[in-house]
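> Return atomic coordinates for the entry below.
(one chain, ligands or ions: 5)
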Amino acid sequence: MGTIGELGEFGLIGLLTRRLPRGPDVRLGPGDDAAVVAAPDGRAVATTDLLVEGRHFRRDWSGPYDIGRKAAAQNLADVVAMGARPTALLVGFAAPLTTDAAWAEGLYDGLADECRAAGASVAGGDVVGADAITLAVTALGDLGGRPPLTRSGARPGDVVAVRGRLGWSAAGLALLEEGRDGPAVLIGAHRRPEPPYAAGAEARAAGATALLDVSDGLVQDLGHIAASSGVRIDLDSSAVPVPDVLGPGGLRHALTGGEDHAFAGTFPAEAVLPSSWSPVGVVAEGTGVLVDGREPGRGGWDHFRA
Ligand SMILES: Nc1ncnc2c1ncn2[C@@H]1O[C@H](COP(=O)(O)OP(=O)(O)O)[C@@H](O)[C@H]1O
Ligand SMILES: Cc1ncc(C[n+]2csc(CCOP(=O)(O)OP(=O)(O)O)c2C)c(N)n1
Ligand SMILES: [Mg+2]
Ligand SMILES: [Mg+2]
Ligand SMILES: [Mg+2]
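Ligands and ions are numbered 1, 2, ... in the order given. Okay, here's the model as predicted:
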């Protein structure tokens, strides 16, 4: 099939957009100057996350399909973490002109399939030639007339609970860095996170006071809720789910590993949570996050430190 450089800009756009089914909220696009996306609530949730080759993924560690799934998941999870329903994605795709067109097709199949899993679709984007592959993904969502689930609503006395895998992606990344090829379930978790998209609706139904997706590490991300809400979060490490497959470093990965896009929220003490949620701590007066009553060490992903 050749390279994306041989296809040219409009040949590539045609190749990619042919792979994109139109989801229920997209009224127009891709193909015109802009997409038209339904916003029945009158307010759109909007979020964007960049993925840069070498920093967020490596082409020798992940195939194009999984990179597409991950790029979509990272953004769809942010929409769900606002308590909104994902409606559409806009995808900026920068790549060397020597990139195989088949690689780009695989990427777009991954984007399309992850969107479908969350009820959304890719409504548009942009392509440019560049030295390294970069994906700039913007996701839109619909609140359905309800208030957003922010980071700032946690109150002393609330329960902290998590839903989804924690530390799996970090454990998989550590294996890839060591040149190992298993356990496959961990490497697979790194290549393709599986955010439990139902968590947004579940959290809302249970009366969540704050919600976010864990992209940088549980302790670090709960720190955002603590700071935004003006509270302290007391985490009980023995309550954090750490399956045996995570190995000896399991708890560290679960507390500091990002990229699984689990959801962490705070709930009134009397809230009834589905069994898929694990209570892991409580909200108190004060600042910061304590793990088992102590200040945690450094940990969690920081682009400007890594
Ligand atoms: N370059 C930027 N310009 C404006 N706002 C930004 C920029 N980078 C990050 N933000 C905002 O800062 C907040 C935290 O960003 P980030 O840590 O990337 O959030 P998340 O983990 O949810 O993706 C978000 O509200 C984001 O929109
Ligand atoms: C090649 C490679 N090196 C390191 C990592 C680890 N890593 C990259 S970004 C990141 C954190 C999440 O990404 P970020 O851009 O911070 O997303 P956001 O918090 O904005 O949602 C982690 C753990 C990786 N996925 N791939
Ligand atoms: Mg971000
Ligand atoms: Mg994010
Ligand atoms: Mg981050």
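> Find the nearest non-adjacent residue to residue 125, please.
Counting by C-beta to C-beta, 6 or more residues apart in numbering, residue 125 lies nearest to residue 91, which is 3.7 Å off, once chain neighbours are set aside. C-beta here means a position set from N, CA and C on the backbone, and glycine is covered the same way.
> Checking my notes, the one you found in a strand, right?
Yes - judged by DSSP: H, G, I helix; E, B strand; the rest coil, residue 91 forms part of a strand.
> close enough to count as contact, it and residue 127?
No - using C-beta atoms under 8 Å, residue 91 is not in contact with residue 127, being 9.1 Å away.
> Looking at these two, which one has more neighbours?
Counted by other C-beta atoms under 10 Å, residue 91 and residue 127 do not tie: residue 91 has more neighbours, with 26 against 20.
> what about residue 223, which helix or strand?
Element membership for residue 223, per DSSP states H and E: helix 218-229.
> Please list the outside residues in contact with that helix.
Under the contact criterion C-beta atoms under 8 Å, 6 or more residues apart in numbering, helix 218-229 has outside partners 150-155, 160, 162, 166, 209-210, 212-215, 231-233, 235, 240, 254-256, 258, 262, 264, 266, 280-281, 283, 287-289, 291, 296, 299-302.
> Who is the residue nearest to residue 125 paired with across the strands?
Bridge pairing for residue 91 (DSSP bridges) gives the partners residue 125, residue 137.
> Same check on the one 4 residues further on?
For residue 95, the residues forming beta bridges with it (DSSP bridges) are residue 129.
> Same check on the one 5 residues further on?
Here residue 100 shows beta-bridge partners residue 3, assigned using DSSP bridges.
> Spell out for me which residue occupies the centre of the chain.
For the chain, the residue nearest the mean C-alpha position is residue 74 (2.6 Å; C-alpha atoms, centre = their mean).
> Show me which of the contacts of helix 218-229 are buried.
Burial by neighbour count, judged by 16 or more other C-beta atoms under 10 Å, picks out 150-151, 153-154, 160, 162, 166, 209-210, 212-215, 231-233, 235, 240, 254-256, 258, 262, 264, 266, 280-281, 283, 289, 291, 296, 299-301 from the contacts of helix 218-229.
> Name all residues that make contact with the residue of the stretch 101-250 of the chain found nearest ligand 5.
Nearest to ligand 5, among the residues of the stretch 101-250 of the chain, is residue 216, at 4.2 Å (C-beta to the ion). Residues in contact with residue 216 (C-beta under 8 Å, 6+ apart) are 258, 300-302.
> Check residue 156 too.
By C-beta under 8 Å, 6+ apart, the residues touching residue 156 are 231, 283-285.
> Quick check: the two most widely separated of those residues?
Largest separation among these by C-beta to C-beta: 283 and 285, giving 8.6 Å.
> list residues touching both of the two?
Shared contacts of residue 283 and residue 285, defined by C-beta under 8 Å, 6+ apart, are found at 156, 231-232.
> confidence score at the closest residue to ligand 2 within the stretch 101-250 of the chain?
Closest contact between the stretch 101-250 of the chain and ligand 2, by C-beta to the nearest ligand atom, is at residue 215 (3.4 Å). Looking at residue 215, its pLDDT stands at 98.
> pretty sure it contacts residue 301?
Yes - counting by C-beta under 8 Å, residue 215 does reach residue 301; the two are 7.5 Å apart.
> Could you tell me which residues touch both of those two?
258-259.
> from this protein, which residue is nearest to ligand 1?
As assessed by C-beta to the nearest ligand atom, ligand 1 sits closest to residue 215 within the chain, at 4.3 Å.
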